[in-house]
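Q: Build the 3D model from these lines:
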Amino acid sequence: MIKTICSALLLLMAAQASAQGTRQWKESTYEDFERGAAKAVAIRNTGALELAPAFKLLETTASTYIWSIASQSDGVVYAATGSPARVYRITFDGQSRDQIIFEPKELQVQALALGKDGAVYAATSPDGKVYRITRTSSKAGAAAAREYSAEVFFDPKTKYIWDLAFDSDGRLYVATGDRGEIFRVEKNGQGSVFFKSDEAHIRVLKFDGKGNLIAGSDGSGLIYRITPSGEGFVLYSAPKKEITALALDAAGNIYAAGAGDKHSSGTSSQPGSQPAMPTPAIPPPSNPSALPSVSLAGSDIYTIAPDGSPARLWSSREDIVYALTLDASGRLIAGTGNRGRILAIESDGSFVDLLKAGATQVTAFSKAPNGGIYCSTSNLGKLFLMGSAPEAEGTFESDVQDVHTFSRWGRAEVLGRGNFEIYARSGNVDNPDRNWSSWTRADLGPTGGRLQVPAARFIQWRAVLKPATPATLIDEVAINYLSRNVAPVVDDMVVQSGARFQPQIRSTGPEQVSVGLPSNQLSLPRIEVSPIAYRDRTWVAARWSAHDDNDDDLVYTLYYRGENEQEWKLLKSGITDRFYSFDSGLLPDGSYVLKVVAGDAPSHTPEEALSAEKESPRFEVDNTPPRIQKMTAQVDGRQLHVTLEATDDFSVIKRAEYSVDAGEWQYLEPVGQISDAKTESYDFRASIVPPPHALVDEPEKKHTPIKTFSNEHVVVVRVYDRYDNVATAKYVTK
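A: Take a look at the predicted model:
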């Protein structure tokens, strides 16, 4: 964790200082390494590469699913499978060889257990039974299937059988659904309900060191401890819906894997429904619609201490845990889907991504000789052996890094220990198989590390790990490079008259930084806050967009040029924002064009700095109001007859309005009605409203106007040009 934080902080500081000169591509976190391709290399969640345990494919069966495996002390493995439903006996006398010893009529052989009597006990689903498989002869070859006979040992009269377990006395316990019952079967095949839960399914069984049966359910995710007398106690109600796997260590700790969302209607466990299986699950013929959704919301692994206290040990939103076991050193091993991963999980919750099997789900484990573990998979049904010692050699290839521009590669810096080698290759297309350079080894001596690979846009590194004491470990790989400078690009530019940007508040306090960013970032993303523009008739606002493929810091300079002028004049330099507004009064009335020049000088020497420019569309500045002239007004009965002329030297007359004797403003239409010229004439008549003292009260007729009006009236006219400059004039009649 400290390494990750420090790496991110250093990257952040370097990126904020400036994006110039030599840069570095660094990979050091689990997320970085997970994007690469590991072969016999494990990845720690803290961000480190190490050799994985030896992992060997032993057998690929004809079945799609291997649900359960059980092994003998001599290494012989029995596998319970589905599609087709079979029990295989797999031996390894020089080479692996599988023999089909049982083929039931049911769809799945769901569970398997080896009895002390030497028989193989296999449970089928759906509507299944427990079969006892015994060997009748020792023939080999094609007749092997006829060497074994199978008979029904126990029929629980229920739909599903999920797991089998023997107690120390040799009695068989059968976990079933869809009534959530556990049956205890005596050696003679006589069985009865040992424990009845209120759950739909009992999914997994394990015995602890005291003879108690530990059981996990589907429905409410319950973990039971059931005494030899059948008395049950719920140790833990997990946040997940289904307990998919159990493991117990020598100290009495219980490990349980949970999957499925309790609150999801798609995974609710109703009578007749089936708990989640590796995708695609096979529905029972009688009720194909009863299968729940396969979206299981990831998995948790919980620990229950000997005193009964529970805790969540590990969690994933993507992986589903199907199997748990302990390796020779007591470390918890988890088999997951749907990426076929095997994880080693420590007591503090840290984990190592050990292996990726060549299948979708890792579904079962069983002990192997010399401290190894047999691992079975589904989609496809395969059997692997994971050894207790590391591989003799492992390779890890990083993801392909795009530095966006043609670059020269410097030295590789590696933090690690033990026996490893670093190689690199480069190219100018994103697919390394399309004519990249060959892998070249880097000399990692005291003065070495330089990569002898061609300058290009893309780079990739490979690590080869070998055993050492202490164990080989790679914490971090960084590659230094220098990109060829390319000019910035100004993508667009707009100018708006009559608008103004609010001043931006600049922080004067200590610089703030964020911690914990992925260390593979070349630089921090540049966050541009879009400013808000406000209407302001006396200002001009300009905004532009620009980018730089080198991710250089850019500085901008603005120039202006009037219509019919040849030379550009400086308006403002040293702009770091991508917007600027200025007082239009700085420019005389007229038509103009702005030009923005973007330069990467802050990130380069003067000799290497490059720039680009872009001109804006034409815009106009008009700060002078129109002129009102030739205005006259005459009283004509109860109306005023008014004429006038409005003229603007630069822009057209947009609108006009008038008021008589301080009355409301009235819209004024020009002669010809359309206002589209720099000079407009107006000729209109306005009604005269008599003053209050010009009215008399009569008994028969109220508010009768008198017959005479005053000849003095005030007419006010105001005229606007296209840029809302306004001129006002008045006329007083006599």
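
Q: For the rest of this, base every contact and every neighbour count on C-alpha atoms.
A: OK.

Q: Give me the domain ranges for this structure.
A: Here the domain parsing of the chain from automatic domain parsing is 21-52+394-483, 63-285+295-320, 489-506+516-621, 627-732.

Q: Save the ones you listed as JSON lines, and put in mean neighbour count too.
A: Formatted as JSON lines, those follow (neighbours: other C-alpha atoms under 10 Å):
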{"stretch": "domain 21-52+394-483", "mean neighbour count": "19"}
{"stretch": "domain 63-285+295-320", "mean neighbour count": "20"}
{"stretch": "domain 489-506+516-621", "mean neighbour count": "17"}
{"stretch": "domain 627-732", "mean neighbour count": "16"}
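
Q: Same list (those domains) but as JSON lines, adding mean pLDDT.
A: Output for the domains of the chain, formatted as JSON lines (pLDDT from 0 to 100):
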{"stretch": "domain 21-52+394-483", "mean pLDDT": "94"}
{"stretch": "domain 63-285+295-320", "mean pLDDT": "88"}
{"stretch": "domain 489-506+516-621", "mean pLDDT": "87"}
{"stretch": "domain 627-732", "mean pLDDT": "85"}
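
Q: Tell me which of those approaches residue 386 most closely.
A: With C-alpha to C-alpha as the criterion, residue 386 lies closest to domain 21-52+394-483 of the domains of the chain, at 9.4 Å.

Q: any idea how far that closest one is from the chain center?
A: 24 Å (C-alpha atoms, centre = their mean, to the nearest Å).

Q: cool, stretch 545-557 as well?
A: Centroid separation for stretch 545-557 versus its chain: 28 Å, with C-alpha atoms, centre = their mean.

Q: Straight-line length of it, end to end?
A: 13 Å (C-alpha to C-alpha, to the nearest Å).

Q: quick revisit: switch the domains of the chain over to TSV; also include distance to residue 348.
A: Listed next are the domains of the chain as TSV, based on distance: least, C-alpha to C-alpha, whole Å:
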stretch	distance to residue 348
domain 21-52+394-483	12
domain 63-285+295-320	7
domain 489-506+516-621	21
domain 627-732	71
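
Q: Tell me where this protein has helices.
A: Remark: helices assigned in the chain by DSSP state H are 2-17, 30-34.

Q: Out of these, which gets the lowest mean score?
A: Mean pLDDT is lowest for helix 2-17 among the helices of the chain, at a mean of 38.

Q: give the contact list for residue 382.
A: Residue 382 makes contacts with 57, 58, 59, 60, 61, 66, 359, 376, as judged by C-alpha atoms under 8 Å, 6 or more residues apart in numbering.

Q: Tell me the one of the residues you listed nearest residue 254?
A: Closest to residue 254, out of all of the contacts of residue 382 and judged by C-alpha to C-alpha, is residue 376, at 22.4 Å.

Q: Give me the pLDDT for the nearest residue to that closest one once chain neighbours are set aside.
A: Distances taken as C-alpha to C-alpha, 6 or more residues apart in numbering put residue 383 closest to residue 376, at 4.6 Å, once the chain neighbours are dropped. Looking at residue 383, its pLDDT reads 96.

Q: ok so, going back, so for residue 346, which of the domains of the chain sits nearest?
A: Comparing those by their distance to residue 346 (C-alpha to C-alpha), the top pick is domain 63-285+295-320, with 8.7 Å.

Q: correct me, but residue 549 touches residue 484?
A: No: using C-alpha atoms under 8 Å, residue 549 is not in contact with residue 484, being 10.1 Å away.

Q: which neighbours do these two share?
A: Contacts common to residue 549 and residue 484, judged by C-alpha under 8 Å, 6+ apart, are residue 405.

Q: List phi and psi for residue 208.
A: Phi and psi for residue 208, reported as degrees, to the nearest 10, are phi -90, psi 180.

Q: which strand is the longest one in the protein?
A: Ranked by residue count and defined by DSSP state E, the top strand of the chain is strand 401-417.

Q: CA-only coordinates of it in CSV, if you can.
A: Only the C-alpha atoms of strand 401-417 are listed here, as CSV (Å, rounded to 0.1, in the frame of the first residue of the first chain):
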residue,chain,number,x,y,z
GLN,A,401,1.8,1.1,-23.8
ASP,A,402,0.9,3.9,-26.2
VAL,A,403,2.9,7.0,-25.6
HIS,A,404,1.0,8.7,-28.4
THR,A,405,4.0,10.1,-30.2
PHE,A,406,7.2,8.9,-31.8
SER,A,407,9.7,8.4,-28.9
ARG,A,408,13.2,7.3,-28.1
TRP,A,409,13.6,4.7,-25.3
GLY,A,410,16.0,5.2,-22.5
ARG,A,411,16.8,3.0,-19.6
ALA,A,412,14.6,0.4,-17.8
GLU,A,413,14.5,0.7,-14.0
VAL,A,414,13.5,-2.3,-12.0
LEU,A,415,12.8,-2.7,-8.3
GLY,A,416,13.1,-6.3,-7.4
ARG,A,417,15.2,-9.1,-6.1
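
Q: Just the closest of the contacts of residue 382 to residue 406, please.
A: Of all the contacts of residue 382, residue 406 sits closest to residue 359, with 39.1 Å by C-alpha to C-alpha.

Q: mind checking how far residue 342 is from residue 232?
A: In terms of C-alpha to C-alpha, residue 342 sits 32 Å off from residue 232.

Q: do residue 404 as well
A: 63 Å.

Q: Then residue 712?
A: Residue 712 sits 108 Å away from residue 232, going by C-alpha to C-alpha.

Q: ditto for residue 479
A: For residue 479 relative to residue 232 (C-alpha to C-alpha), the value is 59 Å.

Q: what's the answer for residue 386, then?
A: 36 Å.

Q: Nearest to residue 398 among the contacts of residue 382?
A: For the contacts of residue 382, the nearest to residue 398 is residue 359 (22.1 Å; C-alpha to C-alpha).
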